[in-house]
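Trainee: give me a model of this one.
(one chain, ligands or ions: 1)
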Amino acid sequence: MSDCDWEVPLTTVEVSEADIQAVMECLASGWLTMGPRTQAFEDGLAAFVGTPHAVTVSSGTAALHLACLAAGIGPGDEVIVPAFTFVASAAGPRYAGAEPVLCDIVSPYEFNLDPQDVARRITPRTKAVIAVHFCGYPARIAELRALCDEHGLILIEDCAQAIGTRVDASGRQVGTIGELGAFSFFSKKQLCVGEGGMVTTADGAFADRVKLLRSHAMTSTTWDRHRGHDPAYDIVDIGFNFRLDEPRAALGLSRLGRLAASIEARREVVSAYRERLAEVDGIELCFDEQAVARTSHFAFPVLLADRFTRDRFRDRLKADGIQTTWYPALHTFTEYSRFAPDGGLAQAAEAGDRHCALPLSATMTISEIDLVVDAAKAALGSAARLTSATG
Ligand SMILES: Cc1ncc(COP(=O)(O)O)c(C=O)c1O
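Mentor: Below you'll find the predicted structure:
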């Protein structure tokens, strides 16, 4: 099975005529670097998320990096990060010179930061907590907010996989609870433009800092100067080129218009999966129905018995043309083992070993879901036979 020839790929990016038109219009305008479309995208994003400030950047990784710098995180600081996440969550504080302290998750069934373990990891050097809403599922953000307030810590939400996820019954969204939120528009995300990201914050000073640092710490932008504003500029710090460009902003703005509908379509796919897999021996579902109703469904992970069974299960699905993926726990990587604290990360390790993310897209059909479910049942049968043959 070639990588591009899947019967059911992990995800499908749907590009509409309106998306193409929006990018073409941008190209025809002749203005390609950060300008009016980026501003319009930011305004739309701020309204969607329900945040006073949305500052776009070139990736989710850049968003985490700048969120850490804006928060004043630096050398000598410790930042608590879940051990079960994508590596960028821990790289963000490292770019700022701080040390990530890996922390355990609640369980493989609720694979986000465990507030009790966070409390155990706090030291006089702790400056911030990065709460990841992993696979789109909301972290225990109210408990983490209370903990950070009690200890005077900054809370940064890594919402890279969670745009549109609600944290409570009021409908409040991720990225509005922490001092700063970091989002990704990478090509597999719910709102994707290829590469891109955003920092959200309610604090105007943090927003200004992120804006400054994303563009070389220059006191004016190219668009400002093009329009005759600010003919001169100053450089007031060491900054970066982390800008989003106009074609991506145009694409993002076009796609933002159907994001809510696309999240609902993902939710229906996941509900259909959960209904079909609920009683299947050998597969366990993660999170409860309340979380399923609130998440924006970046991915659909299920749990298998153990690592061996999971790996065989994936092999079988691959042979049937079904693409799956998984995330290793961070401390199992060569570079990150040294950041694991004493006392272990048992839940994160178990989640890394046991989970498998099945295909999920807004456009998945019921027959594709049935294909995956039937293949999963068949794969489980063969994985069980292999386990008994070898063990
Ligand atoms: C949890 C998490 N954080 C951060 C990032 C980084 O985002 P980007 O790929 O846009 O740099 C990702 C990307 O996949 C992610 O999954």
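
Trainee: what number of residues lie near the residue of the stretch 51-200 of the chain found nearest the ligand?
Mentor: Nearest residue of the stretch 51-200 of the chain to the ligand (C-beta to the nearest ligand atom) works out as Gly60 at 2.4 Å. Where C-beta positions appear, they are placed from N, C-alpha and C, glycine not excepted. Neighbour count for Gly60, taken as other C-beta atoms under 10 Å: 27.

Trainee: for the nearest residue to it once chain neighbours are set aside, give the beta-bridge partners.
Mentor: Excluding its sequence neighbours, the residue lying closest to Gly60 (C-beta to C-beta, 6 or more residues apart in numbering) is Ser184, at 2.7 Å. Ser184 has these beta-bridge partners by DSSP bridges: Gly197.

Trainee: Gly181 is in contact with the residue of the stretch 51-200 of the chain closest to the ligand, correct?
Mentor: No - with contacts counted by C-beta atoms under 8 Å, Gly60 stays clear of Gly181, the gap being 10.7 Å.

Trainee: in what helix or strand does Gly175 lie?
Mentor: In the assignment (DSSP states H and E), Gly175 maps to no helix and no strand.

Trainee: centre of the chain versus stretch 70-88, how much separation?
Mentor: Taking the mean of its C-alpha atoms, stretch 70-88 sits 15 Å from the chain's own mean (C-alpha atoms, centre = their mean, to the nearest Å).

Trainee: C-alpha coordinates for that stretch, PDB please?
Mentor: Extracted as PDB, the C-alpha positions of stretch 70-88 are listed here (Å, rounded to 0.1, in the frame of the first residue of the first chain):
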ATOM      1  CA  ALA A  70       5.300  36.900  26.000                       C
ATOM      2  CA  ALA A  71       4.600  35.200  29.300                       C
ATOM      3  CA  GLY A  72       8.200  36.100  30.400                       C
ATOM      4  CA  ILE A  73       9.300  32.500  30.500                       C
ATOM      5  CA  GLY A  74      13.100  32.200  30.300                       C
ATOM      6  CA  PRO A  75      16.300  30.500  31.500                       C
ATOM      7  CA  GLY A  76      16.000  29.100  35.000                       C
ATOM      8  CA  ASP A  77      12.200  28.500  34.800                       C
ATOM      9  CA  GLU A  78      10.400  25.200  34.800                       C
ATOM     10  CA  VAL A  79       7.300  24.700  32.800                       C
ATOM     11  CA  ILE A  80       5.000  21.800  33.400                       C
ATOM     12  CA  VAL A  81       4.000  20.000  30.200                       C
ATOM     13  CA  PRO A  82       2.000  16.700  29.800                       C
ATOM     14  CA  ALA A  83       4.100  13.700  28.800                       C
ATOM     15  CA  PHE A  84       1.400  12.600  26.300                       C
ATOM     16  CA  THR A  85       1.400  15.300  23.600                       C
ATOM     17  CA  PHE A  86       3.100  16.300  20.400                       C
ATOM     18  CA  VAL A  87       6.700  17.400  20.900                       C
ATOM     19  CA  ALA A  88       6.000  21.100  20.100                       C
END
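
Trainee: sorry, back to before: so what's the residue count around the residue nearest to Gly60?
Mentor: Using other C-beta under 10 Å, Ser184 has 31 neighbouring residues.

Trainee: wait, what's in contact with it?
Mentor: By C-beta atoms under 8 Å, 6 or more residues apart in numbering, Ser184 lies in contact with Ser59, Gly60, Thr61, Ala63, Ala160, Gln161, Gly196, Gly197.

Trainee: nearest residue to the first one in space, please, no chain neighbours.
Mentor: This points to Ser59. Gly197 (4.7 Å).

Trainee: how about the residues of the stretch 151-300 of the chain by the ligand?
Mentor: Residues of the stretch 151-300 of the chain that fall close to the ligand, judged by C-beta under 6 Å from any ligand atom: Asp158, Ala160, Gln161, Ser184, Phe186, Gly197.

Trainee: let's see it at 5 Å
Mentor: Within reach of the ligand by C-beta under 5 Å from any ligand atom, the stretch 151-300 of the chain has these residues: Asp158, Ala160, Gln161, Ser184, Phe186.

Trainee: buried ones among those residues?
Mentor: Among those, those classed as buried by 16 or more other C-beta atoms under 10 Å are Asp158, Ala160, Gln161, Ser184, Phe186.

Trainee: test my guess that the third one contacts Gly136.
Mentor: Yes - at 5.3 Å, Gln161 counts as touching Gly136 under the criterion of C-beta under 8 Å.

Trainee: find residues that contact each of these two.
Mentor: Taking C-beta under 8 Å, 6+ apart as the criterion, Gln161 and Gly136 both touch Phe298, Ala299.

Trainee: what are the ranges of the strands in the stretch 201-350 of the chain?
Mentor: Listed in chain order, the strands of the stretch 201-350 of the chain (DSSP state E, counting those that start in this stretch) span 284-285, 300-303.
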